[in-house]
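K.L.:
Structure for this input, please:
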Amino acid sequence: MKSLLSSSDLKQSTTKSILWDQLKRITEAEEGYIYYKYPITGMADSYIPCFAIIDYNNGIFLFEVIEVTIDSLEILNDGATWKVNNTIIESPLFKLEDYKIRLENIIRNYRQIRGKILVRDYMVFPAINKTEFINKYNSVSIDSLIFGNFDVIEYKSLFKNSLGLREEEKKVYISVIQGAGPLIGNISSVSAEKAGTMGAAIKLLDKKMAILDAKQHEAAVQIPDGPQRIRGMAGTGKTVILCMKAAYLHGRYPEAKILYTFHTQSLYNQVQYLIAKFYHEQNNSSPDWDKLLVLHSWGGRSKEGVYYRTCQRNSIIPMNFKNVPYSTDEPLDYVCSSILAENISEEFDYVLMDESQDFPPSFFQLVYKITKDPKRIIFAYDELQTLANTKIQDVKELFGYDNQGKPLVDFGVSSFYADEIEKDIILEKSYRNPYQLLMVAHGLGMGLYNTDGIMQIIDNEKIWNSIGYEIENGTLKPDTQVTIKRPSENTISLVHECYNGAQQPISYLKCDSFVDEINWIADSISNDCKKEDVEPHNIVVISLNKDSYKREFPLLQKQLFALGVPSIIPGYEGVERDKFGEKGFVTLSTVFKAKGNEAFIIYVMSVEYIYHYLEFVHARNSVFTALTRTKGWCRITGCGDLMDRAIIEIKSILENLPRFIFTYPDPEKIARKLSQEEYARRIAETKKTKNSIEQLLSADPEALKTIPKEHLAELLKRLKSNAD
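P.N.:
Numbers count the residues shown, from 1 in each chain. Now for the predicted structure:
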């Protein structure tokens, strides 16, 4: 049985620490969890029993520890109130009983396990012996009381009857205890049967994905006494974990100020929906969004963000995008760096950072400044959001150093906080993506079977392992054949567990023209909605063509409308940028806006753009990101001869599943090729910039006057740099 601390104050009590060790010892061979201060259910009064044993086969046991002597205890008013050391308190026995009833009521909400889960509660008096308690309170039942030396506690005496749950009932039981019950819902069962339509399968698939594995659950439960990183590849459940943790924290500490932040504005809907669902399950009410703030990184007058809010609260004039110099590669870094030297006040007790791989160090340092001690900053890091840089940035560099040069955050000193809570949690299993699609995403992203050679490569075996692969044969040495396998335990394909229809997890199609491509996608989406019973918000179309807003998406939207399927384009023609996955609408998105979001059916169009070599690394990273947005099915389309090349790559990957078999490249040769392609890109950019200026001058010389002088200077400086 796994043991988990969700609070860091256990060490403050020697007696509780001893009992904790005893409970861990007697449950070691069992299946389930033993918790300290874990908020399984309602937290309106902030009461949580000291210990809980969640046995997957035998039921639930709750323990409260009362460290009083017989002389300091008086039980009054038929047990309703106690006097402890002359202080009147509500009866701990009644509070524990109330908690037990709330837990039983939550379990009753799920008919699959209603009446099948045994819940028992015990009050432990380590400083009182049984005889003296009976002599003083002979009218009080002692059936649920444990006295004195708790070394006598035996596991078999606690759990006398097996629950006898079927496997699917056990899954619901586990999910409800984990707090993921809102995602399971109240279907008749999380059925082992398979659905024949995609729509029916989605309902089952969504519920199966709600059950957290052991590592995910640990990450969701732990509340560290300092910064904590949760890292893993796409689909490992990082956003769900952070939302669950935000709901727990808000329910348990209602007066605490909590910040949930991310970079991509289109994440708002998903994050607020999940937090509200988890919080309602715990508290039967809605979150106080003034205490639990959900903000993207930058912000402005129309929509507040972390940077903008910090400026406003500290009397700093915030900058907008127009204030950032033209040559700045990272605008967010520029604006955050500009205020770090200011006297910034602390505001938040807890900060949860999603998509933290997208944040520059200056944003981490800003978050550090606005977080109160002990700097409980939990940040989720996507280890492979792109394939361009597989190096995990050192937390010392992220958070910076004090005036004496000492790192503000350092995970290297110890892997755990003093309370056994991990500082750096690694999630290895991906549940979102069918493994075939995940491997196609990795294979295409790196170009492992590209006829012109591999585009980028992971050169560290530990990184391969951390994203769920292992080297089966060969070594990572240049010009040697290597076989890299994805083991079955890391290739969890939930689609196949609940779907037996004709649609494959991944399919691809070459079209003669982009008009044919749009028509095919529109017809296919119409079929998904009308014949496969898929709700439109479960479908997202992502284009690798950066100009898709201007050319492709308006035409696709028109075609979908003609077929009776509503759609939205976030950030286009009055639609807010954070509108993503809106109920009743198909979402048409670029890769950037889709990043961090997900859908059951993803269409990735204009895939031939991975061979547009002027930006080939960006294109490869984009196709990887686009493909890994899907939780179920992916359709890949493109046009012309270049799409033939993409299909050859895809087929080569699929033929070798679950392995990559290729000749390991020389990383230096890849670097040289990158350099050559970068040079070609710069020449093309210079030409494009010159043409733009010439067109501007020839069209309207007065137009130059509308460009701020500093921006024009930066433009000319960059032009000269590119030309050199």
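K.L.:
Could you use CA atoms for every contact and neighbour count after this?
P.N.:
Noted.
K.L.:
who touches the nearest residue to L555 once chain neighbours are set aside in this structure?
P.N.:
Nearest non-adjacent residue to L555, counting by Cα to Cα, 6 or more residues apart in numbering: I518, 7.5 Å away. Residues near I518 by Cα atoms under 8 Å, 6 or more residues apart in numbering: 552, 555-556, 559.
K.L.:
before we move on, which element is N105 in?
P.N.:
Using DSSP states H and E, N105 maps to helix 92-108.
K.L.:
what comes up buried for that helix?
P.N.:
92-93, 95-97, 99-100, 102-104, 106-107 (16 or more other Cα atoms under 10 Å).
K.L.:
related to what we said a few turns ago, ok so the residue nearest to L555 is a helix residue?
P.N.:
Yes: remark: I518 belongs to a helix, assigned using DSSP: H, G, I helix; E, B strand; the rest coil.
K.L.:
State the distance from it to T590.
P.N.:
I518 is 15 Å from T590, where distance means Cα to Cα, to the nearest Å.
K.L.:
got it, and G584?
P.N.:
According to Cα to Cα, G584 and T590 sit 20 Å apart.
K.L.:
the more surrounded of those two?
P.N.:
Higher neighbour count among G584 and T590: T590, with 23 against 14, using other Cα atoms under 10 Å.
K.L.:
so who does that one touch?
P.N.:
542-546, 548.
K.L.:
Can you say which of those residues are buried?
P.N.:
542-545, 548.
K.L.:
residue furthest from the geometric center of the protein?
P.N.:
Going by Cα atoms, centre = their mean, the residue of the chain most distant from its centre is N135, 55.4 Å out.
K.L.:
From E74, how far out is it?
P.N.:
13 Å.
K.L.:
likewise T328?
P.N.:
70 Å.
K.L.:
Would you mind telling me which of the two has more residues around it?
P.N.:
With neighbours defined as other Cα under 10 Å, T328 and E74 compare such that E74 has more, 17 against 11.
K.L.:
So which other helices or strands are in contact with the helix or strand the more buried one falls within?
P.N.:
Taking DSSP H and E as the criterion, E74 maps to strand 73-76. Applying 3 or more Cα pairs under 8 Å, 6 or more residues apart in numbering; DSSP states H and E, one finds that strand 73-76 contacts strand 81-84.
K.L.:
in its sheet, what does the strand it packs on sit against?
P.N.:
Note on strand 81-84: by DSSP bridges, its sheet partners are strand 73-76 (antiparallel), strand 87-90 (antiparallel).
K.L.:
Can you mark which positions in the first one are buried?
P.N.:
Going back to what we said before, that points to strand 73-76. Within strand 73-76, the residues that count as buried by 16+ other Cα under 10 Å are 73-75.
K.L.:
Need the residues that contact it.
P.N.:
81-85.
K.L.:
Stretch 55-64 now?
P.N.:
Contacts of stretch 55-64 (Cα under 8 Å, 6+ apart): 30-33, 49-54, 96, 100, 117-124, 158-165, 170, 173-174.
K.L.:
remind me, longest strand of the chain?
P.N.:
When the chain is parsed with DSSP state E, its longest strand is strand 371-382.
K.L.:
Against which helices or strands is that strand packed?
P.N.:
If you count contacts as 3+ Cα pairs under 8 Å, 6+ apart, strand 371-382 packs onto strand 228-232, helix 238-252, strand 348-353.
K.L.:
Report the mean confidence score over that strand.
P.N.:
Here strand 371-382 scores 94 as its mean pLDDT.
K.L.:
Strand 348-353 and that strand, what's the angle between them?
P.N.:
Here strand 371-382 runs at an angle of 10 degrees relative to strand 348-353 (axes from the mean of the first three to the mean of the last three Cα atoms, to 10 degrees).
K.L.:
Which strands and helices lie in contact with the helix or strand just after strand 371-382?
P.N.:
Proceeding N to C from strand 371-382, the next assigned helix or strand is helix 395-399, under DSSP H and E. Under the contact definition 3+ Cα pairs under 8 Å, 6+ apart, helix 395-399 sits against helix 361-370.
K.L.:
just the CA coordinates of the helix it packs on, formatted as PDB?
P.N.:
Output of helix 361-370 as PDB, limited to C-alpha atoms (Å, rounded to 0.1, in the frame of the first residue of the first chain):
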ATOM      1  CA  PRO A 361      13.200  32.700 -16.400                       C
ATOM      2  CA  SER A 362      12.100  36.300 -15.700                       C
ATOM      3  CA  PHE A 363       8.400  35.100 -15.400                       C
ATOM      4  CA  PHE A 364       9.500  32.500 -12.800                       C
ATOM      5  CA  GLN A 365      11.400  35.200 -11.000                       C
ATOM      6  CA  LEU A 366       8.300  37.500 -11.000                       C
ATOM      7  CA  VAL A 367       6.100  34.700  -9.700                       C
ATOM      8  CA  TYR A 368       8.700  34.000  -7.000                       C
ATOM      9  CA  LYS A 369       8.400  37.700  -5.900                       C
ATOM     10  CA  ILE A 370       4.600  37.700  -5.700                       C
END
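K.L.:
And that helix, what's buried?
P.N.:
Across helix 361-370, burial judged by 16+ other Cα under 10 Å covers 361-370.
K.L.:
Among the residues you listed, give me the pair with the biggest separation.
P.N.:
Farthest apart among the buried residues of helix 361-370 by Cα to Cα are P361 and I370. That separation is 14.5 Å.
K.L.:
still on that earlier bit, can you flag the buried ones in the contacts of strand 73-76?
P.N.:
81-82, 84.
K.L.:
Who is the closest residue in space to I506 that isn't next to it in sequence paired with across the strands?
P.N.:
Nearest non-adjacent residue to I506, counting by Cα to Cα, 6+ apart: C634, 4.9 Å away. Note on C634: beta-bridge partners by DSSP bridges are I506, I602.
K.L.:
re the thing from before, mind picking the two most distant members of the contacts of T590?
P.N.:
Greatest spatial distance among the contacts of T590 (Cα to Cα): I542 and K546, at 10.2 Å.
K.L.:
returning to what we had before: which of the buried residues of helix 361-370 sits closest to Q12?
P.N.:
Closest to Q12, out of all of these and judged by Cα to Cα, is Y368, at 27.0 Å.
K.L.:
picking that back up, pLDDT averaged over the helix holding N105, what's the number?
P.N.:
Confidence for helix 92-108, expressed as mean pLDDT, is 89.
K.L.:
who touches it?
P.N.:
40-42, 47-49, 62, 64, 80, 113-115, 117, 119-121, 123, 173, 176.
K.L.:
Those residues in helices, which ones?
P.N.:
Counting by DSSP state H, the part of the contacts of helix 92-108 found in helices is 173, 176.
K.L.:
which of the contacts of helix 92-108 are buried?
P.N.:
Neighbour-count burial (16+ other Cα under 10 Å) is assigned, among those, to 40-42, 47-49, 62, 64, 113, 117, 119-121, 123, 173, 176.
K.L.:
and the least confident of these?
P.N.:
Ranking the buried ones among the contacts of helix 92-108 by pLDDT puts G42 at the bottom, with 47.
K.L.:
gap between P224 and K11?
P.N.:
Separation of P224 from K11 (Cα to Cα): 14 Å.
K.L.:
Counting neighbours, go ahead and name the busier of these two.
P.N.:
Neighbour comparison, P224 and K11: the larger count goes to P224, with 24 against 12 (by other Cα under 10 Å).
K.L.:
Run through the residues that contact that one.
P.N.:
7-8, 376, 417, 421-423.
K.L.:
Include secondary structure and neighbour count when you put the residues you listed into TSV, please.
P.N.:
Listed next are these as TSV, based on DSSP: H, G, I helix; E, B strand; the rest coil; neighbours: other Cα atoms under 10 Å:
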residue	secondary structure	neighbour count
S7	coil	17
S8	coil	18
R376	strand	20
Y417	coil	16
I421	coil	23
E422	strand	21
K423	coil	21
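K.L.:
Of the residues you listed, which is the nearest to K579?
P.N.:
Checking the contacts of P224 one by one against K579 (Cα to Cα), the nearest turns out to be R376, at 30.0 Å.
K.L.:
Now do the contacts for the closest one.
P.N.:
Per Cα under 8 Å, 6+ apart, neighbours of R376: 224-228, 349-351.
K.L.:
Surely G199 and E535 touch.
P.N.:
Yes: taking Cα atoms under 8 Å as the definition, G199 is a contact partner of E535 at 7.1 Å.
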